[in-house]
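In: Return a 3D structure for these sequence lines:
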Amino acid sequence: MPADVSQARQHLLEAILSRQDESFRWGYDPAQARHRPEYLYYSPTYRASLWTLVLLADLQAPPGLAPVEAALRLVSDRFYSPEHGLFRLPDMCRFPIPCLNGNLIHLHQVFGAGSAERVDSTIAFFAAHQRFDDGDYRTPGDYPYCGNRYCYGRHTCYWGVVKLLKGLSFVPKDRRSADARRLLQACLDFILQHEVCFSSRHPERLLNPDIAKLTFPNGYKSDFLEILWLLAREGVREARLGRALDLLRSKRQPDGTWLLEKHQNTVVSVGQPGRPNALITARANEVLAFYGG
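Out: Prediction:
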């Protein structure tokens, strides 16, 4: 991959579009589609259409690309449930899913495709029902959580909160409803309660080992850099960001780059683990330009 970030983005964009099939899909596996049709466009993880769209959004692919808009329509139509007013998988033991919905809010904001009604209803649902528990919740079996301990166990799934923040952050400020503003603030408060990437009950510990590993793209598990990047987008300046910023600075290499530390099995390679990565370096520099290097 080229060392220059603009060249890297263009190189990857061209490679990704060249791997799209004639039906505007990526990672399509006919056998898997027959045996597990409910996960069409969602599986295989990080290679299917949903995850490839996330990669394209993180690469800052320009809006208005017809193949990308067509892929988003496929994914959106597949997962949107008018009955519930949000995006969902058929498996009710994972309902509602904040990371899926946050990613799709984000994709609709970046790439469009006539989505305002779906985005608005999804935001309204999560403004009404998203939880922010810190180790003391018992998941009910009835609607709307349906026994979903993956996302709403004792501790609310942190990745889900971050993905909701990501989606909401890309809604223009002058178009944010009262629901969007309230939900976004609740996400920010929960993230600051955890100082970006640390346990609130055991502050000396990371919230999760994966959260400290720099990666790209951030499919549903965010690294601490993506979280800092979102906080910078929202103009958040807080003493509680200090340890995460120190961690970011500590990972800067002598030549001013940051390494790819965790590899995702995406439809195209975004770089080699343990090597300097132009995409991660650009994001880290953007964060430190806002907070101070």
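
In: residue contacts, V75?
Out: Y41, S49, L50, L53, L104, L107 (C-beta atoms under 8 Å, 6 or more residues apart in numbering). C-betas here are computed from N, CA, C, even on glycine.

In: Please disregard the earlier target; I meant R154.
Out: Applying C-beta under 8 Å, 6+ apart, the residues contacting R154 are D133, G135, D136, Y137, R138.

In: Looking at those, which is nearest E286?
Out: Checking those against E286 by C-beta to C-beta gives D133 as the nearest, at 31.7 Å.

In: residues near that closest one, how many?
Out: 15 (other C-beta atoms under 10 Å).

In: Next: R73.
Out: The burial count for R73: 15, using other C-beta under 10 Å.

In: So, low pLDDT: which residues of the stretch 51-200 of the chain?
Out: 113-114 (pLDDT under 70).

In: Okay, strands next: where are they in it?
Out: 80-81, 86-87 (DSSP state E, counting those that start in this stretch).

In: Let's have these in a markdown table, adding distance to K262.
Out: As requested, the strands of the stretch 51-200 of the chain are arranged in a markdown table below (distance: least, C-beta to C-beta, whole Å):
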| stretch | distance to K262 |
| --- | --- |
| strand 80-81 | 31 |
| strand 86-87 | 26 |
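
In: which one of the ones you listed is the most hemmed in?
Out: strand 86-87 (a mean of 26; mean count of other C-beta atoms under 10 Å).

In: which residues sit against that one?
Out: In this structure, residues lying in contact with strand 86-87 by C-beta under 8 Å, 6+ apart are 76, 79-81, 96-97, 100-101, 104, 118, 121-122, 125-126.

In: let's see 10 Å
Out: With contacts defined as C-beta atoms under 10 Å, 6 or more residues apart in numbering, strand 86-87 is touched by 50, 75-76, 78-81, 95-98, 100-105, 108, 118-119, 121-126, 129, 144.

In: hmm, which of those are the buried ones?
Out: Those of the contacts of strand 86-87 that meet the buried threshold are 50, 75-76, 78-81, 95-98, 100-105, 108, 118-119, 121-126, 144, by 16 or more other C-beta atoms under 10 Å.

In: among those residues, which are in helices?
Out: Of the buried ones among the contacts of strand 86-87, the ones assigned to helices by DSSP state H are 50, 75-76, 78-79, 98, 100-105, 108, 118-119, 121-126.

In: can you give me the helices for the stretch 101-250 of the chain?
Out: 116-129, 149-152, 158-169, 178-193, 224-233, 242-250 (DSSP state H, counting those that start in this stretch).

In: Can you say which of the ones you listed is nearest to A66?
Out: With respect to A66, and counting by C-beta to C-beta, the nearest of those is helix 116-129 at 20.0 Å.

In: just the angle between that closest one and helix 158-169, please?
Out: Orientation check (axes from the mean of the first three to the mean of the last three C-alpha atoms, to 10 degrees): helix 116-129 against helix 158-169 gives 130 degrees.
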